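Engineer: Predicted structure and sequence below. I'll ask about it afterward.
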Amino acid sequence: MNPIQTYLKENEEQFMDELFSLIRIPSVSSNPEHKDDMLACAQQWKDLLLKAGADEAMVMPSAGNPIVFAQKTVNPDAKTVLVYAHYDVMPAEPLELWKSEPFEPEIRDGKIWARGADDDKGQSFIQVKAFEYLVKHNLLTHNVKFIFEGEEEIGSPSLEEFCINHKELLKADIILVSDTSMLGAELPSLTTGLRGLAYWEIEVTGPNRDLHSGHFGGAVANPINTLCGMLAKVIDENGKITIPHFYDDVEEVPQAEREMIAQIPFNEEKYKEAIGVEELSGEAGYSTLERNSCRPSFDICGIWGGYTGEGSKTVLPSKAYAKVSCRLVPHQEHHKISQLFKEYIEKSAPKSVKVKVTPMHGGQGYVCPITLPAYQAAEKGFEIAFGKKPLAVRRGGSIPIISTFEQVLGIKTILMGFGLESNAIHSPNENLPLDIFRKGVEAVIEFHKAYK
């Protein structure tokens, strides 16, 4: 057992008491009834950061829930790591599916069970305990700042403005985040990319009222038929998106990274079986793992119109609607793509209907070069703690605030997450294995030791 592991074992009871003090606060950002809990959780984090060795910690106001900021200055001329996390959690419902109380943490079967055990109180606690170890043992050679927000689970609506207003306070060389997952407990990985998002609602209007399909069918354009035809043409027979200039800013994944993706254990037959399909589809020339992580995609998320009640009604509807989205890759600007799609749909609409495209929310993609010194330090940290070099993995989902950090603060982010699929974040019986907690703390300690 090395000195870090010994320290964790000797202090585990105290650490669990501290983590449980955070988990017991139901900091559910989506429910206004928990406004006081948000402040209480922020205050508790402030106290724990000071206890861990921060020179100063404060609870700062934002347009929404308060933000916790703390810092430790070792040398004004040294590099600075900014640790980002969030203290808000998802609602615990449905409560009847929990095996224990969601806000009364339990240790069972070698795991911590509670809402926030992983996302993100447990993972952010990993960061703070690693920091504490480094301070206590005089191993910290660079400065560390912390920014913990309380609105990540509702889209971080206040954080961009906070960053703009406090750019000097948040000045750093790299951002470190533990809010992502690994491929498996025995298969450590670092997230190197996230896809962006663009989302629209489409309204197609034909006649000025619903019509009798017997009297008008075949003579008047059906908005649902028309909408389906327009959307079907967005993707061609090779899985490519047909919107002009859509791929102008798409960066091809470097061959070295494609080779890393190819090393990820992946059983296509089990994948198909798990989701109940006989065949996969997508852009020609790319593997399944490339298609769902580092290539753009287009999806119809919902479509409706006409009569959908019980029985039948022979109607030619006046209107049809759809909600559609694109997952974007790094360097695709979501505002630009949003406008390109709007123009494409409006231009492709026949004169027999009127089309209205309403852009909704969106966000930028993100990519972390594996050549960054901070990435290589994280890689070394994983290798020491988990006993094997982590794979570089791009994820198909989106965390818009990561790209916001890059745009507003001009700083790259290292996504050093320790979650597992079995941790059931956002679901009943969320958990965090104690073994992963211990290895996570060790990995972050080794990151700081290696980052020069």
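Structural biologist: In hand now; what should we look at? Numbering: from 1, shown residues only.

Engineer: what packs against the helix or strand of the chain with the lowest mean pLDDT?
Structural biologist: Least confident helix or strand, the chain: helix 255-263 with a mean of 85, by mean pLDDT, DSSP states H and E. Counting contacts by 3 or more CB pairs under 8 Å, 6 or more residues apart in numbering; DSSP states H and E, helix 255-263 is packed against helix 288-291, strand 391-395. Backbone N, C-alpha and C define where each C-beta goes, glycine included.

Engineer: what sits up against the helix or strand following it?
Structural biologist: Once the chain leaves helix 255-263, the next helix or strand it forms, by DSSP states H and E, is helix 268-275. Contact with helix 268-275 is made by 278-280, 288, as judged by CB atoms under 8 Å, 6 or more residues apart in numbering.

Engineer: what do you get if the cut-off is 6 Å, keeping everything else the same?
Structural biologist: Residues from elsewhere that reach helix 268-275 (CB atoms under 6 Å, 6 or more residues apart in numbering): none.

Engineer: go on, stretch 76-89?
Structural biologist: Under CB under 6 Å, 6+ apart, the answer for stretch 76-89 is 27-29, 41, 45, 115-116, 120, 124, 127, 142-150, 152-153, 172-177.

Engineer: could you redo the last one with a cut-off of 7 Å?
Structural biologist: 27-29, 38, 41-42, 45, 65, 115-116, 119-121, 124, 127, 141-153, 170-179, 411, 451 (CB atoms under 7 Å, 6 or more residues apart in numbering).

Engineer: Let me see the ranges of the strands in the stretch 251-400 of the chain.
Structural biologist: Ranges of strands within the stretch 251-400 of the chain are 297-305, 315-316, 319-328, 354-363, 366-367, 391-395, based on DSSP state E, counting those that start in this stretch.

Engineer: between these, which one is nearest to residue 188?
Structural biologist: strand 391-395 (7.5 Å; CB to CB).

Engineer: First-to-last residue distance for stretch 192-200?
Structural biologist: End-to-end distance of stretch 192-200 (CA to CA, to the nearest Å): 27 Å.

Engineer: can I assume residue 201 is in contact with residue 325?
Structural biologist: No. Applying CB atoms under 7 Å, one finds residue 201 not in contact with residue 325, separated by 10.3 Å.

Engineer: Of these two, give the one with the bigger neighbour count.
Structural biologist: Neighbours per residue, other CB atoms under 10 Å: of residue 201 and residue 325, the larger number sits with residue 325, 19 against 15.

Engineer: what's the closest of the strands of the stretch 251-400 of the chain to residue 190?
Structural biologist: strand 391-395 (5.8 Å).

Engineer: tilt between that closest one and helix 255-263?
Structural biologist: Here the directions of strand 391-395 and helix 255-263 differ by 90 degrees (axes from the mean of the first three to the mean of the last three CA atoms, to 10 degrees).

Engineer: who touches strand 391-395?
Structural biologist: Contacts to strand 391-395, defined as CB under 7 Å, 6+ apart, come from residues 183, 189-194, 257, 260, 263-264, 293-294, 370.

Engineer: before we move on, the earlier item: go through the helices and strands packed on helix 255-263 and pick out the most buried.
Structural biologist: A comparison of these by mean neighbour count, using mean count of other CB atoms under 10 Å, puts strand 391-395 on top with a mean of 21.

Engineer: quick one: strands adjacent to it?
Structural biologist: Sheet pairing of strand 391-395 (DSSP bridges) gives strand 189-194 (parallel).

Engineer: Give me the contact list for the following helix or strand past the strand it pairs with.
Structural biologist: Per DSSP H and E, the first helix or strand lying C-terminal to strand 189-194 is strand 196-205. Strand 196-205 is contacted from outside by 223, 226-227, 318-328, 332, 334, 337-338, 341, 345, 353-365, 398, 403, using CB under 7 Å, 6+ apart.

Engineer: Residue 178 contacts residue 123, correct?
Structural biologist: Yes. Contact criterion CB under 7 Å: residue 178 and residue 123 qualify, at 4.0 Å.

Engineer: More neighbours: which of those two?
Structural biologist: Neighbour count, other CB under 10 Å: between residue 178 and residue 123, residue 123 has more, with 28 against 25.

Engineer: which residues touch that one?
Structural biologist: With CB under 7 Å, 6+ apart, residue 123 has these contacts: 178-179, 417-419.

Engineer: So which of those residues wins on neighbours?
Structural biologist: Busiest of those [other CB under 10 Å] is residue 418, holding 28 neighbours.

Engineer: Just name the most buried of the strands of the stretch 251-400 of the chain.
Structural biologist: Of all the strands of the stretch 251-400 of the chain, as judged by average neighbours under mean count of other CB under 10 Å, the leader is strand 366-367 with a mean of 24.

Engineer: Average pLDDT for that one, rounded please.
Structural biologist: Averaged across strand 366-367, pLDDT comes to 90.

Engineer: Spatially, and excluding backbone neighbours, which residue is closest to the most centrally placed residue in the chain.
Structural biologist: Geometric centre of the chain, nearest residue: residue 399, 3.6 Å, by CA atoms, centre = their mean. In this structure, residue 399 finds its nearest non-sequential neighbour in residue 194, 5.5 Å apart by CB to CB, 6 or more residues apart in numbering.

Engineer: any idea how far that neighbour is from residue 115?
Structural biologist: 24 Å (CB to CB, to the nearest Å).

Engineer: Would you map the helices across the stretch 51-200 of the chain?
Structural biologist: 121-136, 159-165 (DSSP state H, counting those that start in this stretch).
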